[in-house]
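Novice: Show me the folded form of this:
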Amino acid sequence: MTRRALITGIAGQDGSYLAELLVGKGYEVFGLLGPDPGGFHEWTAGLGDMVRGLDGDLTDMGSLLAAVEESRPEEVYNLAALSFVGGSWERAVLTSDVNATGTVRLLEAVRELAPQARLFQASSGEVFGNSRAPQSETTRMHPRSPYGVTKAFSYFMAQNYRESYGMHASNGIMFNHESPRRPPIFVTRKITEAAARIKLGMADELRLGNLDAQRDWGFAGDYVEAMWLMLQREEPGDYVVASGETHTVRDFCAAAFGRLELDYEAYVVVDPSFFRVAEINILQGNASKARRELGWEPKVRFEELVAMMVDADMERLTEEPLRGDARGRQGSGRAAEGA
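Specialist: Presented below is the predicted three-dimensional model:
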């Protein structure tokens, strides 16, 4: 019998990769579409009638109840969130309503209408803040952004529903994971897109904040497999999902520009206005539990990930007709740090 899954945030990077994975395994997939469906209808065209979009929003309890009732899921993946860390200070109230209270609304909807469903809650390495690296499931949480606080709240709420109601609820503490589908507001895509624009003569510099911040970057397509593996276990649990390697933003710049035979130092400008209110110096995940219990291993390494993203941006920009002036500049032709 065909299994049924409900994905919130299906229009985002992770949701799209997860939907493709599940369809490949024979699932019927239902995706919650918020106010902005993004490219959902475009990328799902190749998946046939195995993916259906449902109107809904984590801020609207009625729509969540309707989505759970219609989809009758055996698995629920809560990926929807306002995930732009840098912007969470300016939108702290909305970020809390979507990421934190929204998770409670979904847990309640599942508890009421699909109590036997297995639920995955997407948490984040941001919950650890500047706790000693490498960070594992037992590391003290000390988030340093409103976004990180909401992800810590959702993590503990999923645990609470598991312990209070016996729900099969698992948390994935997802460290930074990227892909060509990452929106350009995030620093990794901003770097790869800027490098491609500079190579093509469409921009002349990239303005960034802290180049020495260290992050644990992996490929989103690998990380959604870990989400699925969590829900295949008989017992729910909490897992760090990470590559275990750290690289600085400077390293990412060097790899991206180097892919195009450019020296990043000639184009990247440090702009203090892009520094975060409270910075995290290093995020490095210890995913040994996921390796041991789930049999999960990341396949795409850092250099491959950066090359993949740069190549995709080069292909897209080469194919798109130039807009604006002859150099295709937007404003000053500068790109700014997004996350």
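Novice: Show me where the stretch 201-339 of the chain dips below the pLDDT cut-off.
Specialist: Per-residue confidence of the stretch 201-339 of the chain (counting by pLDDT under 70) places the weak regions at 321-339.
Novice: can you give me the strands in it?
Specialist: Counting by DSSP state E, counting those that start in this stretch, residue ranges of the strands within the stretch 201-339 of the chain are 205-208, 214-215, 218-219, 238-241, 247-248, 268-270, 334-336.
Novice: Which one, of the ones you listed, ends up nearest to Leu119?
Specialist: Nearest to Leu119, of all those, is strand 238-241, at 12.5 Å by CB to CB. The C-beta positions use only the backbone N, C-alpha and C, and glycine is treated the same way.
Novice: Of all the strands of the stretch 201-339 of the chain, which one is nearest Leu107?
Specialist: Proximity to Leu107 (CB to CB) singles out strand 238-241 among these, at 15.1 Å.
Novice: what's that closest one packed up against?
Specialist: The helices and strands touching strand 238-241, judged by 3 or more CB pairs under 8 Å, 6 or more residues apart in numbering; DSSP states H and E, are strand 168-174, helix 220-232.
Novice: Throw the ones you listed into JSON lines and include distance to Leu54, thanks.
Specialist: As requested, these are exported to JSON lines (distance: least, CB to CB, whole Å):
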{"stretch": "strand 168-174", "distance to Leu54": "21"}
{"stretch": "helix 220-232", "distance to Leu54": "19"}
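Novice: Tell me which of those sits most buried.
Specialist: Sort these by mean neighbour count, taking mean count of other CB atoms under 10 Å, and strand 168-174 sits at the top with a mean of 25.
Novice: Need the winner for burial among the strands of the stretch 201-339 of the chain.
Specialist: Mean neighbours per residue, mean count of other CB under 10 Å, is largest over the strands of the stretch 201-339 of the chain for strand 238-241, with a mean of 26.
Novice: quick one: strands adjacent to that strand?
Specialist: Sheet neighbours of strand 238-241, with direction, are listed as strand 168-174 (parallel) (DSSP bridges).
Novice: would you put the C-alpha positions of the partner strand in PDB?
Specialist: As requested, C-alpha coordinates have been extracted for strand 168-174 and formatted as PDB (Å, rounded to 0.1, in the frame of the first residue of the first chain):
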ATOM      1  CA  HIS A 168       6.700   9.200  17.400                       C
ATOM      2  CA  ALA A 169       8.400  12.600  17.200                       C
ATOM      3  CA  SER A 170      12.100  12.900  16.200                       C
ATOM      4  CA  ASN A 171      14.300  16.000  16.000                       C
ATOM      5  CA  GLY A 172      17.000  16.500  13.400                       C
ATOM      6  CA  ILE A 173      19.500  19.100  14.600                       C
ATOM      7  CA  MET A 174      20.500  20.100  11.100                       C
END
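Novice: any idea which helix or strand comes after it?
Specialist: Elements were assigned by DSSP states H and E; along the chain past strand 168-174, the next helix or strand is strand 177-178.
Novice: Residues contacting that next one, please?
Specialist: When contacts are defined by CB atoms under 8 Å, 6 or more residues apart in numbering, strand 177-178 is touched by residues 14, 186, 188-189, 217-220, 222-223, 241, 305, 309.
Novice: nearest residue to Gln135 other than its sequence neighbours?
Specialist: Nearest residue to Gln135 in three dimensions, chain neighbours excluded: Phe128, at 4.4 Å (CB to CB, 6 or more residues apart in numbering).
Novice: What pLDDT is listed against the one you found?
Specialist: Phe128 is assigned a pLDDT of 97 by the prediction.
Novice: ditto for Gly24
Specialist: Gly24 carries a pLDDT score of 95 in this model.
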